[in-house]
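> Using only what follows, build the 3D model:
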Amino acid sequence: MAEFLMPSLGADMDEGVLQEWLVTPGDQVSRGDPVAVVETAKSAIEVECFATGTVGRLLVEPGTTVPVGAPLALIEPTAATSRPQKHAKADAAAEHTKAHAPARAASRPTATERKTTSDPVATPADGGHAEAGPLIRRLAKQRGINWQTLEGSGPGGRITRTDIDRAVGSAARPPRVRATPLARRLARELAVDLGALTGTGQHGAVRAADVRKAAEGHIHPPSPGSAPTPSRTAISASSARQATADLMARANREIPHYYLATTVDMAAAMDWLREHNRRCPLAERLLPAALLLKAAALAAREVPDVNGFWSEDHFTPGDGVHLAVAVSLRGGGLIAPALHAADSMELGQLMAKLKDVVGRARGGRLRGSEVSTATLTVTSLGDQGVETIFGVIHPPQVALVGFGRIIERPCAVGGMIGVRPQVTATLSADHRATDGITGARYLTAVDRLLQHPEEL
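Numbers count the residues shown, from 1 in each chain. Next up is the predicted model:
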């Protein structure tokens, strides 16, 4: 039996609050399935299972603060993976014996088969409905029950009065909505009808986030004279901002940063983008961010020394180019979910993934693998009018790429003064892992790639 442990969801995480279980004991789970929601100082994160099997005991109640590495639940391996070898050999021997048994033995009916063949009330062998006598049929009709859909509990599968009574009771009871325990508690507290919600959890289960979303805009004002209390959103925003500040202070103390910048001519990229969007449906159009991200990812493939981690006094290259994208959270704070294998995505796929991950980051629905596996971070404040940004490296990564606003500037091209769209690309890098020559090679690669947008 395997233990499901509280994962580390970032370099700044020492503990987390188990907010919600997305599974119950007895559920079948596969590696990578979301099983719980953990609240960190920055956001609520869906954490995935690392094993395949059956959920055994849940060891921690929702609302409990748990240190990283502590057991949260027990996962029982499936029978297929845990069956002893001797049983497998016995099964194989039985199959071999059955396959080589004399044909006359196979043609001789067993006692059970003879009884089934001669029993006039047995369920038909061709998959037909179970039998029911005239009285039972009349009773079923009176109570509005289709007896042909029932599974009989009488001899040979015959429908009985008990089966009819049970069916009537089931029809009278409202269907039980699949929901997590926290979602049920919140639904009672916020007066939300679970049956009216569409669940976003596993197998359509209603989650706490679904209940909160349904309750938005229906919060009753406080009663007169009641003391105002700080909202959970305000508290969370404050803690998220503090967690970000603590990590960045540590990074500034421990990482010997160096900074580089270059100006990239975006005329070819913007011309290509306008032509591409003119031919595409509205839903498939691209933003300049897609080109910048793809160029950053491909350049990291070319210059892998900026793509990885510094830990235990040595550099470890990333197992792929997993770009973390800095996302501002509502109310304050930052989180940087990863776009896995960004260098191998098509531009349209990268654009769709970016929209998806930004939306889920702000809605508190990120996966654990999206906040703990990034190899290089990209940040941009161009939409806020900022032209240049020098970021702080997110440990244990060794570099951070910044893009400012694309702005038209006067410049010399081919000996002539003209006005062209340009963007300032910056690199903050760890001097323990690389030096200025490596950083310059990276920014040069970004510039070159953006001059040929059709190849991105």
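> Name the nearest residue to residue 147, ignoring sequence neighbours.
Computed as Cβ to Cβ, 6 or more residues apart in numbering, the closest residue to residue 147 that is not its neighbour in sequence is residue 140, at 4.0 Å. (Each C-beta comes from the backbone N, C-alpha and C, glycine too.)
> Provide the count of other residues in contact range of residue 279.
Neighbour count of residue 279, defined by other Cβ atoms under 10 Å: 8.
> would you list every one of the strands in the stretch 201-350 of the chain?
257-265, 308-311, 314-317, 323-325, 327-328, 334-335, 338-339 (DSSP state E, counting those that start in this stretch).
> will you turn those strands into TSV that also has mean pLDDT and mean neighbour count?
Below are the strands of the stretch 201-350 of the chain laid out as TSV (pLDDT from 0 to 100; neighbours: other Cβ atoms under 10 Å):
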stretch	mean pLDDT	mean neighbour count
strand 257-265	97	16
strand 308-311	94	17
strand 314-317	96	13
strand 323-325	96	25
strand 327-328	88	17
strand 334-335	86	22
strand 338-339	95	24
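> closest to residue 212 out of those strands?
Set against residue 212 and scored by Cβ to Cβ, these come closest in strand 334-335, at 18.4 Å.
> if we can go back for a sec, mind checking the strands of the stretch 201-350 of the chain for the one nearest to residue 185?
Residue 185 lies closest to strand 334-335 among those, at 26.4 Å (Cβ to Cβ).
> starting at the chain centroid, how far to the closest one?
17 Å (Cα atoms, centre = their mean, to the nearest Å).
> helices or strands up against it?
helix 232-254, strand 327-328 (3 or more Cβ pairs under 8 Å, 6 or more residues apart in numbering; DSSP states H and E).
> at 10 Å what do you get?
Under the contact criterion of 3 or more Cβ pairs under 10 Å, 6 or more residues apart in numbering; DSSP states H and E, strand 334-335 touches helix 232-254, strand 327-328, helix 347-362.
> now what about it, what contacts it?
Contacts to strand 334-335, defined as Cβ atoms under 10 Å, 6 or more residues apart in numbering, come from residues 10, 40, 42-43, 45, 240-241, 243-244, 247-248, 324-329, 361-362, 364, 366, 370-371, 379, 394.
> swap in stretch 194-205?
Contact with stretch 194-205 is made by 20, 22-24, 27, 29, 33-35, 37, 46, 174-180, 183-184, 186-188, 206-211, 213-214, 363, 365, as judged by Cβ under 10 Å, 6+ apart.
> Buried ones only from those, please, as a PyMOL command.
To isolate the buried subset of those in PyMOL, counting by 16 or more other Cβ atoms under 10 Å, use the following:
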select buried, resi 20+22+23+27+29+33+34+35+37+46+177+179+180+183+186+187+206+207+208+209+210+211+214+365
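> just checking, which of the contacts of stretch 194-205 belong to helices?
Residues of those located in helices (DSSP state H): 183, 184, 186, 187, 188, 208, 209, 210, 211, 213, 214.
> Show me which of those residues is closest to residue 15.
residue 208 (20.0 Å).
> and the closest one, what does it touch?
With contacts defined as Cβ under 10 Å, 6+ apart, residue 208 is in contact with 19-20, 22, 37, 44, 62, 179-187, 201, 364.
> give me the low-pLDDT residue ranges for this structure?
Scanning the chain for pLDDT under 70 picks out 79-130, 155-156, 169-176, 181, 202, 216-240, 331.
> per the record, what domains does it have?
2-81, 181-215, 256-455 (automatic domain parsing).
> would a markdown table of these with distance to residue 168 be doable?
What follows is these, written out as a markdown table (distance: least, Cβ to Cβ, whole Å):
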| stretch | distance to residue 168 |
| --- | --- |
| domain 2-81 | 28 |
| domain 181-215 | 21 |
| domain 256-455 | 41 |
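> between these, which gets nearest to residue 136?
Judging the domains of the chain by Cβ to Cβ, what sits closest to residue 136 is domain 181-215, at 32.5 Å.
> quick revisit: and the ones in helices among the contacts of stretch 194-205, which is closest to residue 343?
Compare each of these with residue 343 using Cβ to Cβ and the shortest gap goes to residue 209, at 31.6 Å.
> distance of that closest one from residue 4?
21 Å (Cβ to Cβ, to the nearest Å).
> How about residue 23?
Here the distance between residue 23 and residue 4 works out to 10 Å (Cβ to Cβ).
> again, but for residue 296
From residue 296 across to residue 4, the span is 35 Å (Cβ to Cβ).
> what's the answer for residue 277, then?
Separation of residue 277 from residue 4 (Cβ to Cβ): 45 Å.
> who's more crowded, the two?
The neighbour comparison of residue 277 against residue 4 (other Cβ under 10 Å) goes to residue 4, with 25 against 14.
> got the phi/psi numbers for the more buried one?
phi -90, psi 120 (degrees, to the nearest 10).
> can you put the helices and strands packed on strand 334-335 in JSON lines and add distance to residue 405?
JSON lines is the format used below for the helices and strands packed on strand 334-335 (distance: least, Cβ to Cβ, whole Å):
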{"stretch": "helix 232-254", "distance to residue 405": "23"}
{"stretch": "strand 327-328", "distance to residue 405": "16"}
{"stretch": "helix 347-362", "distance to residue 405": "18"}
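> Present the ones in helices among the contacts of stretch 194-205 as JSON lines; the columns should include distance to residue 442.
Listed next are those as JSON lines, based on distance: Cβ to Cβ, whole Å:
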{"residue": "183", "distance to residue 442": "46"}
{"residue": "184", "distance to residue 442": "51"}
{"residue": "186", "distance to residue 442": "47"}
{"residue": "187", "distance to residue 442": "51"}
{"residue": "188", "distance to residue 442": "54"}
{"residue": "208", "distance to residue 442": "42"}
{"residue": "209", "distance to residue 442": "38"}
{"residue": "210", "distance to residue 442": "43"}
{"residue": "211", "distance to residue 442": "46"}
{"residue": "213", "distance to residue 442": "41"}
{"residue": "214", "distance to residue 442": "47"}
